[in-house]
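Enquirer: Turn this into a structure:
(chains A and B)
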There are 2 protein chains.
Amino acid sequence: METQDPEPIFPHELRDAWPALSRDERVESFRLVPHATADDFFLSLSAQEQAHLLLALAPGERRTWLRLLAPDDAVDVIQSTPAEVRDSLLRELDETTRREVHALMAYAEDAAGGLMNPRFARVRPEMTIDEAISYLRRQTREKVETVYYAYALDLHQHLLGVVSLRQLFQAAPDKRVSDVMKRELVTVAEHTDQEAVSRLFAAQSLMAIPVVDAERRMKGIVTVDDIVQVVQEEATEDIQKVGGMEALDAPYFAVTFLDMLKKRAGWLLVLFLGEMLTATAMGHFEEEISHAVVLALFVPLIISSGGNSGSQATTLIIRSLALSEIRLRDWWRVARREVLAGVALGATLGTVGIVRILIWQEIFGSYGEHFFLVALTVGLSLVGVVTWGTLSGSMLPFVLRRLGFDPASASAPFVATLVDVSGLVIYFTVASLLLRGTLL
Amino acid sequence: METQDPEPIFPHELRDAWPALSRDERVESFRLVPHATADDFFLSLSAQEQAHLLLALAPGERRTWLRLLAPDDAVDVIQSTPAEVRDSLLRELDETTRREVHALMAYAEDAAGGLMNPRFARVRPEMTIDEAISYLRRQTREKVETVYYAYALDLHQHLLGVVSLRQLFQAAPDKRVSDVMKRELVTVAEHTDQEAVSRLFAAQSLMAIPVVDAERRMKGIVTVDDIVQVVQEEATEDIQKVGGMEALDAPYFAVTFLDMLKKRAGWLLVLFLGEMLTATAMGHFEEEISHAVVLALFVPLIISSGGNSGSQATTLIIRSLALSEIRLRDWWRVARREVLAGVALGATLGTVGIVRILIWQEIFGSYGEHFFLVALTVGLSLVGVVTWGTLSGSMLPFVLRRLGFDPASASAPFVATLVDVSGLVIYFTVASLLLRGTLL
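Expert: Sure, this is the predicted structure:
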């Protein structure tokens, strides 16, 4: 990133220092940014940061900055402020914007309606190209944000087609909009979830997607620059869930210590309570362990292998579901593939495990006279545990989605916990079968 | 997504069916798409899918589709084909595009140069607004892809400023470009990594960023629609690494079974070899276990709690590093915070663990006469193991980044494995200290 202003470094420096500054320092430094670059700097902040700044400024100063924002961005900022100051902020907006902002605030933040900008460039299908271009020029002089696409509407705001500026510029000036416009176009409904909207953008390489109501009346546009943030936020949420915690919904240092603790302690406790079943399960095999302490030595190795293979499988499937690479109805194809993968991976680890035990026995004589049976127990258990871990790890996200939960909640630690308990049962069952009459 | 063509359903249907179709079926169905919509359908495919289609079509048919692509997209497609057919595909391009494609192919795929489109709208600073608009009209009639921004260059292609179409449309027709253009602008170098480019887009809400060389000569633009895919791919890579596997780099069903197995078996084996140390560690405490089998019962509970808290911490830090929310130099602030978090989380789990043992003892009498000392051992070990898990989980991504590796390789299973071994040592050490003379 480079800049070429007479004072090029300052906003850049401030951007760099920003995360480390206290709220007061931010306000103070922001006031020092030269006016020519302050607009851009303000617009480059997140909605939350903009809200903090606005609240810290004197009411008289707020108006300039608030009016800089497009209606959809103003909504985000206002929704980031405490309920009691929202009305006073709304009053700083001009009449039209206030109405637009009010309408937008009725939508869920993560729906297309909550993301869209109600200002878009419009043309009539019967206009000539030249008329359309000068009509667009007039609209931009007023309030229209994006003029990459112009939407052709009838008198009742029904969406009929779209022309890109490029097409308008390319066409002969006396042709009509209806001659060049594209009639088959991708649209989304007001309540479409932002994840679905971002998948459309990723698949289609579009700059904007129109939002229409049930009667196909045009309500606004979602532009791709807003989607980059959505994609990143959704990915962050998924990654944090996969890691076994609630999504933080804010940068690491922006979350208070207590809030962060709460988001982590919840899942950790649930996992801990689940993991307590391992103590119960082990309790059932106390007799076997006291006869053959050697069995206890391999408990961590075996259950963690199940957990690791389960983590891999669940992560893979969670992401593929999130990207719609696989769908709910593919579960059976996935299950067959994962069972095969599980057996192959389990056999690999099992073989390595057996070889390890045989070598240690050769060198240290660690495992007593029945070392071969112990090795076989470990090897076979690994095949069973890894196959089971892989299968349950891959199926859990499907089950969660089917029940209406977020598949990403099938986190790596969650699957590991699930597999730990069943892994113990598999291991000690194999041991009882193979070692009955010798070690047990 | 709706469509309003006379035959509106077909491309839509094909899109839906696409993932399940074999390569032959795809080619066959693609030939059946009505021509008016086939362009859009072809452009909506991924570069890999486009490459497969092209190769399956007769050489005569290829040209139409290949020439539909912007130079940067053509590069992606050609790079997805086997080396021996690339020359023949290049020959299908027109002279100008072939030169552009050649130049682009010299850049790394994941650098700004590899993402950029060499065709952009340009103006001269001394032009009037009206001259600039008709100059832009002329350019779009030729080959320019995006006309959202026009870049003001001097005679030697140095980038001087940028105007948005919106600004051109708003300005008085007789003003000059240099009067309205923005001179301080965000640029990237040709070799800037795509992750850094996508962070700029996410932070700045821009539609395009110019790519300049060391002398600030303009080379092309990266547009935001290409970035949505980049952000999604990078997030997928990170999620898969966090889950403990190599990144797949392709959709689940698009990867052959063997390739997938390889990407999973590698890490699984590394983790398995690491986890073998638990058997060694346990071996050292075989004596203690045989005296007090009750100790073995809590091994899975304790090591998994360390693993889970480590997974949370590592996931959190990996993502924050990826989004530049925290930087390398913040490691000390993070360490202090995470130690506190670890102690708090460990104390919570430890308390729950002690209560659990006391209740079970009351009801089932499971843990013998020294039950209180056992409970204390488990509780204290949990504080130690969770603190250690949290600290090492949060620091490992910093260490990896410092050493030049991808922090995301500090996967949840990797940290869990690390913590398992040290967790055992902590647990049995606490046990020897507390139980010496009673159980041991």
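Enquirer: Return the set of buried residues in stretch A:256-270.
Expert: Of all the residues in stretch A:256-270, those buried under the rule 16 or more other C-beta atoms under 10 Å in any protein chain shown are A:M260, A:L261, A:K263, A:R264, A:A265, A:W267, A:L268. Every residue, glycine included, has its C-beta placed from N, CA and C.
Enquirer: next one: stretch A:86-99
Expert: Buried, per 16+ other C-beta under 10 Å, within stretch A:86-99: A:L89, A:L90, A:E92, A:L93, A:T97.
Enquirer: and which of those residues is nearest chain B?
Expert: Checking the buried residues of stretch A:86-99 against chain B with C-beta to the nearest C-beta, the nearest one is A:T97 at 17.3 Å.
Enquirer: List the residues that contact that closest one.
Expert: Residues near A:T97 by C-beta atoms under 8 Å, 6 or more residues apart in numbering or on different chains: A:R67, A:P71, A:A74.
Enquirer: just for chain A, where's the confidence low?
Expert: In the predicted model, chain A carries pLDDT under 70 at residues A:1-12, A:19-20, A:142-147.
Enquirer: which one is the residue most central in space within chain A nearest to, not counting chain neighbours?
Expert: Residue closest to the mean C-alpha point of chain A, counted by C-alpha atoms, centre = their mean, is A:E234 at 1.8 Å. Spatially, and ignoring its direct neighbours in sequence, A:E234 is nearest to A:E195 (5.6 Å; C-beta to C-beta, 6 or more residues apart in numbering or on different chains).
Enquirer: Need phi/psi at that neighbour.
Expert: With angles defined as degrees, to the nearest 10, A:E195 sits at phi -70, psi -40.
Enquirer: Quickly note the distance from it to A:L321.
Expert: Distance from A:E195 to A:L321, counting by C-beta to C-beta, to the nearest Å: 11 Å.
Enquirer: now the strands for chain A?
Expert: All strands of chain A, identified by DSSP state E, fall at A:121-123, A:149-153, A:159-164, A:188-189, A:208-212, A:218-223.
Enquirer: Reformat those as TSV; add mean neighbour count.
Expert: Formatted as TSV, the strands of chain A follow (neighbours: other C-beta atoms under 10 Å in any protein chain shown):
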stretch	mean neighbour count
strand A:121-123	22
strand A:149-153	23
strand A:159-164	22
strand A:188-189	22
strand A:208-212	25
strand A:218-223	24
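Enquirer: Is it possible to get those out as CSV so that each row also shows distance to chain B?
Expert: Output for the strands of chain A, formatted as CSV (distance: least, C-beta to the nearest C-beta, whole Å):
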stretch, distance to chain B
strand A:121-123, 9
strand A:149-153, 10
strand A:159-164, 8
strand A:188-189, 7
strand A:208-212, 8
strand A:218-223, 8
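Enquirer: what about the ones you listed, which gets the closest to B:G423?
Expert: Among the strands of chain A, the nearest to B:G423 by C-beta to C-beta is strand A:218-223 (47.6 Å).
Enquirer: Can you list the helices and strands that that closest one packs against?
Expert: Other helices and strands packing on strand A:218-223, by 3 or more C-beta pairs under 8 Å, 6 or more residues apart in numbering or on different chains; DSSP states H and E, are helix A:112-115, strand A:149-153, strand A:208-212.
Enquirer: thought A:E325 was touching B:P251?
Expert: Yes. If you go by C-beta atoms under 8 Å, A:E325 and B:P251 touch, sitting 3.9 Å apart.
Enquirer: Which residue ranges of the stretch 301-440 of chain A form helices?
Expert: For the stretch 301-440 of chain A, the helices defined by DSSP state H, counting those that start in this stretch occupy A:331-364, A:371-402, A:412-435.
Enquirer: Select, out of these, the one closest to A:H191.
Expert: Using C-beta to C-beta as the measure, helix A:371-402 is the one of those that comes nearest A:H191, at 19.3 Å.
Enquirer: Kindly report the domain assignment for chain A.
Expert: A:9-104, A:121-241, A:252-435 (automatic domain parsing).
Enquirer: Endpoint to endpoint, the longest one covers what distance?
Expert: Going back to what we said before, that points to domain A:252-435. Domain A:252-435 has an end-to-end distance of 51 Å (criterion: C-alpha to C-alpha, to the nearest Å).
Enquirer: Likewise for stretch A:213-231?
Expert: Stretch A:213-231: ends 24 Å apart by C-alpha to C-alpha.
Enquirer: before we move on, back to that, may I have the residues that are in contact with the residue nearest to the centre of chain A?
Expert: Counted by C-beta under 8 Å, 6+ apart, A:E234 has contacts A:Q194, A:E195, A:S198, A:A322.
Enquirer: tell me which of those residues is nearest to B:F405?
Expert: A:A322 (25.7 Å).
Enquirer: Report the contact partners of the closest residue to chain B within the stretch 251-400 of chain A.
Expert: At 2.4 Å from chain B, A:T315 is the closest residue in the stretch 251-400 of chain A, using C-beta to the nearest C-beta. Residues near A:T315 by C-beta under 8 Å, 6+ apart: A:V242, A:A412, B:I239, B:Q240, B:V242, B:G243, B:G244, B:M245.
Enquirer: Quick one: these as JSON lines, columns for distance to A:L403 and neighbour count too.
Expert: Below are these laid out as JSON lines (distance: C-beta to C-beta, whole Å; neighbours: other C-beta atoms under 10 Å in any protein chain shown):
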{"residue": "A:V242", "distance to A:L403": "18", "neighbour count": "31"}
{"residue": "A:A412", "distance to A:L403": "20", "neighbour count": "32"}
{"residue": "B:I239", "distance to A:L403": "22", "neighbour count": "27"}
{"residue": "B:Q240", "distance to A:L403": "25", "neighbour count": "25"}
{"residue": "B:V242", "distance to A:L403": "24", "neighbour count": "31"}
{"residue": "B:G243", "distance to A:L403": "22", "neighbour count": "32"}
{"residue": "B:G244", "distance to A:L403": "26", "neighbour count": "28"}
{"residue": "B:M245", "distance to A:L403": "26", "neighbour count": "25"}
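Enquirer: and stretch A:401-413, is it in reach of chain B?
Expert: Yes. For stretch A:401-413, a contact with chain B is found by C-beta under 8 Å from any C-beta of the partner chain, at A:S411, A:A412, A:P413.
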